[in-house]
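Asks: Give me a model of this one.
(one chain, ligands or ions: 1)
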Amino acid sequence: MRRTLSRYLIEEQREKGKINADLRLLIEVVARACKSIAVAIGKGAIGGEGGVLGEAGSDNVQGEAQKKLDVISNEIFLEANEWGGHLAGMASEEMELPHAIPNRYPQGEYLLLFDPLDGSSNIDINVSVGTIFSVLRCPEGADPTADTAFLQPGTKQVAAGYAVYGPTTLLVLTVGDGVACFTLDREQGSFVLTQEHLRIPEDTKEFAINMSNLRHWEPPVRRYVEELLAGKEGPRGKDFNMRWVASMVADVHRIMTRGGIFMYPLDAKIKDKGGKLRLMYEANPMSFIVEQAGGAASTGRQRILEVQPNGLHMRVPVILGSKNEVELVTSYHGT
Ligand SMILES: O=P(O)(O)OC[C@H]1O[C@](O)(COP(=O)(O)O)[C@@H](O)[C@@H]1O
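Replies: Numbering: from 1, shown residues only. Next comes the predicted model:
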């Protein structure tokens with residue numbers, strides 16, 4: 001009998017003392033919210049007026065046009081998580097300020113940060129999208145409705161995970177004891193453990209970057225990618241293949257499965273923003289997972305998990321995946 005997520009978490013709590021009951025129950029609620037999002041996405045254009053596909057007609061705090069599913073997923077996450085008693089507060093890519101837990105519900109010790117629907121540009125074309133989440137402790141005496149309570153470096157995370165809504169629905173999770181992958185058994189309606197102790201190979205022949213930004217890249221990244229493209233005739237002495245799904249969850253899951261390097265570096269177009277991807281609910285949770293699987297995660301100049309956040313929606317350059325490649329491109333930044 002395959003182990004379910006519940007059993008896996010109970011063993012992490014009881015046998016290894018890695019997590020407490022509250023964190024276990026919080027992760028179970030997050031998993032349930034991901035199941036509801038998978039069901040919502042599965043409806044697609046059914047139901048008239050494009051169903052759940054298309055624009056919501058509103059912008060998020062990032063100034064990006066929201067998709068209907070961005071809004072639906074955000075609401076699913078808030079409603080599922082606010083009454084359980086495990087949380088002091090929540091923060092989302094889709095909301096400017098932290099979400100306060102209503103007074104009618106018990107307050108917990110944890111803070112939940114999430115990107116309810118990652119890869120929004122792929123929703124309407126039926127390409128894999130996902131959800132990314134990170135869990136921190138609420139500092140003693142901190143006001144969880146203020147973003148300052150959340151501004152903790154990634155090393156403070158107690159759990160992180162992502163769901164991929166693709167041909168199958170997967171949940172990849174770490175509580176600081178390696179990385180496990182669960183597959184949603186649609187008949188049983190539960191996440192079943194299908195892979196434990198995921199390891200990212202230190203070397204790879206596969207890279208992921210949005211090549212259309214090449215002319216905007218900084219010299220270290222341009223040099224690194226040009227050497228990859230030069231293949232076995234070039235200084236690397238081997239050929240490299242490229243992939244870019246434009247859903248971070250899908251690109252990172254490929255790397256968790258067979259290795260690779262994912263890069264969304266700083267470039268001239270996004271220099272004033274500090275990067276494209278958000279530190280608190282994209283870069284930090286993915287970096288925690290990648291490092292727990294033996295990979296590395298850097299801004300090019302600093303280990304991502306050591307970056308001190310200066311805002312809830314802070315953006316950073318992201319270079320993560322197979323250790324030796326991340327270290328090589330970081331060395332080109334001269335740090
Ligand atoms: O459109 P681009 O430049 O290829 O960027 C794709 C990147 O942007 C993202 O879609 C940003 O995430 P959101 O969809 O959550 O805003 C990542 O998932 C992906 O890696």
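
Asks: wait, residue 134 sits on residue 283?
Replies: No. Counting by CB atoms under 8 Å, residue 134 stays clear of residue 283, with 9.7 Å between them. Heads up, the C-betas are built off the backbone N, CA and C, glycines and all.

Asks: overlap in contacts of the two?
Replies: Shared contacts of residue 134 and residue 283, defined by CB atoms under 8 Å, 6 or more residues apart in numbering, are found at residue 154.

Asks: Give me the residues contacting the helix or strand harbouring residue 69.
Replies: Assigned by DSSP states H and E, residue 69 belongs to helix 68-81. When contacts are defined by CB under 8 Å, 6+ apart, helix 68-81 is touched by residues 26, 29-30, 32-33, 36-37, 40-41, 50, 52-56, 58, 60, 87, 90, 92, 94-95, 99, 112, 114, 116-117, 120, 123, 129, 131.

Asks: what about 6 Å?
Replies: 29, 33, 36-37, 40, 52, 54, 56, 87, 92, 94, 99, 112, 114, 116-117, 120, 123 (CB atoms under 6 Å, 6 or more residues apart in numbering).

Asks: try stretch 199-216
Replies: Here stretch 199-216 makes contact (CB under 6 Å, 6+ apart) with 228, 240-244, 251, 259-263, 267-269, 293-295, 322-325.

Asks: same thing with stretch 33-43?
Replies: 51-52, 72-73, 76-77, 80, 131, 163, 165, 169.

Asks: For ChimeraX, what selects the buried ones among the contacts of helix 68-81?
Replies: Under the burial definition 16 or more other CB atoms under 10 Å, those of the contacts of helix 68-81 that qualify are selected in ChimeraX by:
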select :29,33,36,37,40,52,87,92,94,99,112,114,116,117,120,123
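
Asks: Selection in ChimeraX covering whichever of the contacts of stretch 199-216 are buried, please.
Replies: Selecting only the buried entries of the contacts of stretch 199-216 in ChimeraX, with 16+ other CB under 10 Å as the criterion:
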select :228,240,251,259,260,261,262,263,267,293,294,295,322,323,325
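
Asks: Return the residues of the stretch 1-150 of the chain in contact with the ligand.
Replies: Contact residues (CB under 6 Å from any ligand atom) of the stretch 1-150 of the chain with the ligand: 93, 115, 118-121.

Asks: how about the nearest residue to residue 56, chain neighbours excluded?
Replies: residue 66 (4.2 Å; CB to CB, 6 or more residues apart in numbering).

Asks: Packing partners of the helix or strand where that neighbour lies?
Replies: In the assignment (DSSP H and E), residue 66 maps to strand 65-67. For strand 65-67, the packing partners by 3 or more CB pairs under 6 Å, 6 or more residues apart in numbering; DSSP states H and E come out as strand 55-59.

Asks: Report the angle between the strand it packs on and helix 68-81.
Replies: Put simply, strand 55-59 runs at 70 degrees to helix 68-81, going by axes from the mean of the first three to the mean of the last three CA atoms, to 10 degrees.

Asks: Name the surrounding residues that touch strand 55-59.
Replies: 65-66, 68, 71.

Asks: Compare these and tell me which is most surrounded.
Replies: Ranked by the number of neighbours (other CB atoms under 10 Å), the contacts of strand 55-59 place residue 68 first, at 21 neighbours.

Asks: Now do that residue against residue 43, distance only.
Replies: According to CB to CB, to the nearest Å, residue 68 stands 11 Å off from residue 43.

Asks: Also residue 104?
Replies: 31 Å.

Asks: So the two - more neighbours on which side?
Replies: The neighbour comparison of residue 104 against residue 43 (other CB under 10 Å) goes to residue 43, with 13 against 7.

Asks: From residue 28, how far off is the more buried one?
Replies: Where residue 28 is concerned, residue 43 sits at a distance of 24 Å (CB to CB).

Asks: Ok, residue 82 next?
Replies: Taking CB to CB, one finds residue 82 at 15 Å from residue 28.

Asks: what do you get for residue 229?
Replies: Counting by CB to CB - residue 229 and residue 28 are separated by 45 Å.

Asks: contacting residues around residue 180?
Replies: 173, 196.

Asks: Tell me which residue of the stretch 151-300 of the chain lies closest to the ligand.
Replies: residue 248 (3.5 Å; CB to the nearest ligand atom).

Asks: isn't that residue right next to residue 120, touching?
Replies: No. Between residue 248 and residue 120 there is no contact under CB atoms under 6 Å: 10.9 Å.

Asks: Tell me how far stretch 320-330 lies from the chain's centre.
Replies: Centroid separation between stretch 320-330 and its chain, computed with CA atoms, centre = their mean, to the nearest Å, is 19 Å.

Asks: and if you look at stretch 79-95?
Replies: With CA atoms, centre = their mean, you get 17 Å for stretch 79-95.

Asks: Show me which positions of it end up buried.
Replies: 80-82, 84, 86-95.

Asks: So, low pLDDT: which residues of this protein?
Replies: Filtered on pLDDT under 70, the chain yields the residue ranges 1, 335.
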